[in-house]
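1. compute the structure for the input listed below.
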Amino acid sequence: MTFLKADKLWKKYPAEAVEALRGASISVGKGEIVAVMGPSGCGKSTLLNIVGALDLPTSGEVLIAGKTIREYGPSYLYRACMVGFIFQHHHMVPGMTLAENVAAPLVAQGVGKRERVRRAIELLESVGLGNRANFLPSLVSGGERQRAAVARALVAAPSIILADEPTGNLDSCSGAAVFRLMLMHSRGRGTTVVIATHNQEIAAMADRTLLMRDGQFVAVAGST
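-> Coordinates of the predicted model:
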């Protein structure tokens, strides 16, 4: 059953005379893990930004569980309640501990501080960072920061995780470990995942791989 449907998305940037998306459509089932591959500039990040309501399409529509993003209310509320983000650059707030960074998405949901801390610590422990909870991001390794980013994406129990080159700054071993960790948690919760990646090894762990070129999907590779 389709859970996420992006229908004929176009995204034009007139000032730069660029068409980042050119009628791209995608359907993803509940709990499915889909990798999106393609050369730099093909539209992968733009697609994720539109699905995550970080950007608006020039035309086209995104449906989540049969509802448009607008039907979920303000975009910040949709993101807070429905979407978890993992980026290539982890975007940890430097002056906040790992626990505080992980707990941050719960603020918009109105979760009390004690419960935010409890959930953050629980998730950090589950990704092997319980003993780093009170460390600042600058005091842990890149792999640990990215594991914390996985915990942050999961803390609000989102329906969708959007991951944009989440292992791009890690060595192949660390990157594969981080992605397996994300898959383990996502599959256990029935979370839908769309990951943009250049990494063939990472894509091979997904249920399906979709190929993009020039703002369009051009092929589907394999399924499990």
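
2. which element is the most centrally placed residue in the chain on?
-> The centre of the chain sits closest to residue 162, judged by CA atoms, centre = their mean, with a distance of 1.9 Å. Counting by DSSP states H and E, the element that carries residue 162 is strand 160-164.

3. again with residue 34
-> Using DSSP H and E, residue 34 falls in strand 33-37.

4. list the strands paired with that strand, with their directions.
-> Strand 33-37 pairs in its sheet with strand 192-196 (parallel), strand 208-213 (parallel), by DSSP bridges.

5. buried residues, the very next helix or strand once past the first one. List them.
-> When you say that, I think you mean strand 192-196. Of the helices and strands lying after strand 192-196 in sequence (DSSP H and E), the nearest is helix 200-204. Neighbour counts over helix 200-204 (16 or more other CB atoms under 10 Å) mark 202, 203 as buried. For glycine as for every other residue, the C-beta is placed from the backbone atoms N, C-alpha and C.

6. name the surrounding residues that touch helix 200-204.
-> 35, 37, 167, 172, 175, 176, 179, 195, 197, 209, 221 (CB atoms under 8 Å, 6 or more residues apart in numbering).

7. I'd like to know which elements the strand holding residue 162 is packed against.
-> Strand 160-164 sits against helix 44-51, strand 83-87, helix 142-154, helix 172-189, strand 192-196, with contacts defined as 3 or more CB pairs under 8 Å, 6 or more residues apart in numbering; DSSP states H and E.

8. can we see that at 10 Å?
-> strand 2-13, strand 33-37, helix 44-51, strand 83-87, helix 142-154, helix 172-189, strand 192-196 (3 or more CB pairs under 10 Å, 6 or more residues apart in numbering; DSSP states H and E).

9. mean pLDDT and mean neighbour count added to these, as a markdown table?
-> Formatted as a markdown table, those follow (pLDDT from 0 to 100; neighbours: other CB atoms under 10 Å):
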| stretch | mean pLDDT | mean neighbour count |
| --- | --- | --- |
| strand 2-13 | 94 | 17 |
| strand 33-37 | 95 | 24 |
| helix 44-51 | 95 | 24 |
| strand 83-87 | 89 | 23 |
| helix 142-154 | 87 | 25 |
| helix 172-189 | 77 | 18 |
| strand 192-196 | 94 | 25 |
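
10. low-confidence stretches in the chain?
-> Within the chain, the stretches with pLDDT under 70 are 168-170, 174, 219-224.

11. if we go to 80?
-> The model of the chain has pLDDT under 80 over residues 14-17, 88-91, 166-179, 181-182, 185, 219-224.

12. nearest to residue 104, out of the helices and strands packed on strand 160-164?
-> helix 142-154 (6.9 Å; CB to CB).

13. the closest one to strand 192-196, inter-axis angle?
-> Here the directions of helix 142-154 and strand 192-196 differ by 140 degrees (axes from the mean of the first three to the mean of the last three CA atoms, to 10 degrees).

14. what about helix 142-154, distance to the chain center?
-> Averaging C-alpha positions (CA atoms, centre = their mean, to the nearest Å) puts helix 142-154 12 Å from its chain's average.

15. show me the contacts for the nearest residue to residue 216 once chain neighbours are set aside.
-> Of all residues not flanking residue 216 in the chain, residue 22 sits nearest, at 5.2 Å (CB to CB, 6 or more residues apart in numbering). With contact taken as CB atoms under 10 Å, 6 or more residues apart in numbering, residue 22 is in contact with 8, 9, 10, 11, 12, 43, 213, 214, 215, 216.

16. output those as a markdown table; include the columns distance to residue 120.
-> Below are the contacts of residue 22 laid out as a markdown table (distance: CB to CB, whole Å):
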| residue | distance to residue 120 |
| --- | --- |
| 8 | 39 |
| 9 | 34 |
| 10 | 39 |
| 11 | 34 |
| 12 | 40 |
| 43 | 34 |
| 213 | 40 |
| 214 | 41 |
| 215 | 38 |
| 216 | 40 |
